[in-house]
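> Provided below for reference: sequence and predicted model.
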Amino acid sequence: MKLRRSLALISMLALAAIAAPQGASAQTKVRFTLDWIPGATHSAFFVALQKGYYKAEGLDVSIDRGKGSAEVVRQLASDTYDMGFPDINVVMDFNSKNPGQAFPVLMSGYEEAPAAIIFLKSSGITEPKQLNGKKLGSAANDSTFKLLPVFASQTGVDLASMQIQNIEPSLREVLLAQGKVDAIPGQVFNSLLELQAKGVKASDIGYFMYKDYGLELYGNSVAASPRFLKEHPDAVKGFLRATIKGLKDVAQDPELGVKAALAFEPLLNADIERERLRVAMSCCIVTDNVRKNGFGDVDPERLRKVIGIIAKAYNLPRQPSVAEVFDASFLPPLQDRIIK
């Protein structure tokens, strides 16, 4: 009897020893890239990582800083990363030019694009038409700059009268603060904070957001590489489910998002990130549409119009369909995406 009990115990221990490593290896690895350097606007991902939401979905997620949306799209298309956070408008551009490698985005992050023209109020500018004859500094491939002709047509700005100075992206806010250019295009929550960091008072910073002049563009969104999406559809669903859970946490407690960003990147300035997140939540993440329809999804008709605008502004070789650009089938159900 004693021998049988001993053999049974040995068998159980052996089974446990076999089962343990199998459980650990069941975690699906997800290589995720941000669009840019880490900040509080990315806090939903950090909260999901630090509170174990990804792990609870069976995911082993690593998050890397990005080098711009164009690079994220290239990295997803080439399978360098499994998932990422590119600008949806850059994805449209890529899909139009590379139909054989096209992939959709799966979850809207910035429900309103943060695209804006930023200026100093001390310049006397109070309305878009006053940009006529002014000097605008921008990188040639800046996504906000590429949409300037559409903004101009919406607001009566005469582009031919403007002086366009091509500059490095890192110099935009520097040259505006020094008065060497009159205006710059950029993401509003980044440019505002960059200008303040360079000594410009918040009360002297003005901006025209594209969304306020009829350009209801979507912004950065979550996408997956075609290979990863095909081989791991359940992992993709789990990633989106966990990210939206983190997003809802941040919407209810923005300070949690600031702390998560600082835990991920200790070199960040808490006050700057607190203000960056406040502006981003207000303009682009927790919008009226999100409060009404939940996080993550898009309005197909609005997206169809946006694709038409981008195709015209970027002079694309063809206009991608809505289905090529956005796939909502991996999102959790509406009741799990609504802010309560």
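Sure, I can see it.
> thought S43 was touching A261?
Yes - if you go by C-beta atoms under 8 Å, S43 and A261 touch, sitting 5.0 Å apart. All C-beta spots, glycine's among them, are computed from the backbone N, C-alpha and C.
> which residues touch A223?
A223 is in contact with V73, L76, M83, G84, F85, P86, V91, F103, P104, V105, L106, counting by C-beta atoms under 8 Å, 6 or more residues apart in numbering.
> ok, for it, nearest residue in space, not its chain neighbours?
Nearest-residue entry for A223: V105, 4.4 Å, with adjacent residues in sequence omitted and distances by C-beta to C-beta, 6 or more residues apart in numbering.
> circling back: and the contacts of A223, which is closest to Y218?
Nearest to Y218 among the contacts of A223 is V105, at 8.6 Å by C-beta to C-beta.
> Do a quick rundown of the helices in the stretch 1-150 of the chain.
Assigned by DSSP state H, counting those that start in this stretch, the stretch 1-150 of the chain shows helices spanning 2-25, 43-50, 53-56, 69-77, 88-97, 143-146, 148-155.
> worst average pLDDT in those helices?
Lowest mean pLDDT within these: helix 2-25, a mean of 44.
> Next up, the contacts around M162.
When contacts are counted by C-beta under 8 Å, 6+ apart, M162 touches L131, N132, G133, K134, K135, L136.
> ok, 6 Å please
L136 (C-beta atoms under 6 Å, 6 or more residues apart in numbering).
> Neighbours of K312, how many?
Neighbour count of K312, defined by other C-beta atoms under 10 Å: 13.
> With A260 as the reference, measure out to the closest residue to it other than its chain neighbours.
Among residues not flanking K312 along the chain, V150 sits closest, at 7.4 Å (C-beta to C-beta, 6+ apart). The gap separating V150 from A260 is 35 Å, by C-beta to C-beta, to the nearest Å.
> One more: M83?
As judged by C-beta to C-beta, M83 and A260 stand 18 Å apart.
> same question, G124
Distance, G124 to A260, by C-beta to C-beta: 41 Å.
> So between those two, which is more surrounded?
Shown here are G124 and A260; by other C-beta under 10 Å, A260 has more neighbours (25 against 9).
> so where does that one fall, helix or strand?
A260 is located in helix 254-264, with elements delineated by DSSP states H and E.
> Need the residue closest to the centroid of the chain.
In the chain, the C-alpha nearest the mean C-alpha coordinate belongs to N220, at 3.1 Å (C-alpha atoms, centre = their mean).
> Enumerate every residue touching that residue.
Shown in contact with N220 (C-beta under 6 Å, 6+ apart): D35, F85, D87, G109, Y110.
> pLDDT wise, what is the third one at?
By that I understand D87. If you check D87, the pLDDT there is 93.
> Hmm, A70 and it touching each other?
No - contact criterion C-beta atoms under 6 Å: D87 and A70 do not qualify, at 8.5 Å.
> These two - which one has more neighbours?
A count of neighbours by other C-beta under 10 Å puts D87 above the other of D87 and A70, at 28 against 17.
> Okay, the closest residue in space to the more buried one that isn't next to it in sequence and I37: tell me how far apart.
Spatial nearest neighbour of D87, excluding adjacent residues (C-beta to C-beta, 6+ apart): S69 at 3.9 Å. For S69, the distance to I37 equals 13 Å [C-beta to C-beta].
> Looking at the two now, which is surrounded by more residues?
Each of S69 and I37 has its neighbours counted (other C-beta under 10 Å); S69 has more, 24 against 13.
> Endpoints of stretch 246-257, how far apart?
9 Å (C-alpha to C-alpha, to the nearest Å).
> Not counting it itself, show me its contacts.
Here stretch 246-257 makes contact (C-beta under 6 Å, 6+ apart) with A40, S43, A44, V47, A48, Y53, L277, V286, F295, I339.
> same thing but at 8 Å, please
40, 43-49, 51, 53, 260, 274, 277-278, 281, 285-286, 295, 339.
> and if you look at stretch 270-280?
By C-beta under 8 Å, 6+ apart, the surrounding residues in contact with stretch 270-280 are 39-41, 43, 110, 114, 188-190, 192-193, 196-197, 250, 254-255, 257-258, 261-262.
> Which of these are buried, as a PyMOL select command?
Per 16 or more other C-beta atoms under 10 Å, the buried members of the contacts of stretch 270-280 correspond to this PyMOL selection:
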select buried, resi 39+40+41+43+110+114+188+189+190+192+193+196+250+254+257+258+261+262
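> which residues of this structure score low on pLDDT?
Under the criterion pLDDT under 70, the flagged ranges of the chain are 1-25.
> one step back: what separation do you get for the residue nearest to A223 and P86?
Counting by C-beta to C-beta, the gap from V105 to P86 is 7 Å.
> Need the residues touching each of those two.
S221, A223.
> Spit out the contact partners of the nearest residue to L171 once chain neighbours are set aside.
Distance criterion C-beta to C-beta, 6+ apart; nearest residue to L171, sequence neighbours excluded, is G137 at 7.4 Å. G137 is in contact with Q165, I167, L171, R172, L175, L176, K180, V181, A183, I184, counting by C-beta under 8 Å, 6+ apart.
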